[in-house]
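Asks: Build the 3D model from these lines:
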Amino acid sequence: MPDVVFWPLFVTFAAIAIGATLKAVEALQAKKLSDEECSRLRAQLDVLKNPTGEKTIDEQPIKVNETLVPQNERMEKIKDDILVLLSIHPDTQAEFFAQSTKIGNQVALHHLEAMQEKNFTRYYWRAKTWKLQPAGREYLVRHNLIS
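Replies: Sure thing, here's the model as predicted:
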């Protein structure tokens, strides 16, 4: 290709590439500014919705039998209940614990898996059942949850 055609094409493509790069940088900067503005507006909205600084729904305690129980204590009670049920009904599926404690299946699985990390429970995938481990039984005895 003759030099007369090559250099103008090269300069044109280089200008297009530089322009596209500048547009991309400008778009990223605009997105960053809009994200910051969105965060600022959300904070203002939270203040307007809750001017007294009350706790949000997630931070409020849960009412159980008309007494206030903090969220973390309720979660520990559910775990204790699951361990007690597992001591009574070995080789049980997660759905049983969900129905017995009136929680969702995924919540029951979450608690069972969390207790498995502490070696309190063990999942047997072939039978799709959970069993109480010695550490879980020791926990129950130590906290007087079983005799």
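
Asks: CA atoms for contacts and neighbours, from now on please.
Replies: Will do.

Asks: need the contact list for the closest residue to Lys128 other than its chain neighbours.
Replies: Among residues not flanking Lys128 along the chain, Gln93 sits closest, at 6.3 Å (CA to CA, 6 or more residues apart in numbering). For Gln93, the contact set (CA atoms under 8 Å, 6 or more residues apart in numbering) comprises Lys128, Thr129, Trp130.

Asks: quick one, phi psi at Gln93?
Replies: Here is the backbone geometry of Gln93 (degrees, to the nearest 10): phi -90, psi 160.

Asks: Okay, Val141 and Ala135: tell me how far apart.
Replies: Val141 sits 10 Å away from Ala135, taking CA to CA, to the nearest Å as the criterion.

Asks: Specify which residue of these two has the higher count of neighbours.
Replies: Using other CA atoms under 10 Å as the criterion, Val141 and Ala135 rank with Ala135 on top: 15 against 12.

Asks: quick one on the thing from earlier: go ahead and build a ChimeraX selection from the buried members of the contacts of Gln93.
Replies: Per 16 or more other CA atoms under 10 Å, the buried members of the contacts of Gln93 correspond to this ChimeraX selection:
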select :130
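
Asks: Can you tell me which of the contacts of Gln93 comes closest to Val11?
Replies: Closest approach to Val11 among the contacts of Gln93 (CA to CA): Lys128, at 66.7 Å.
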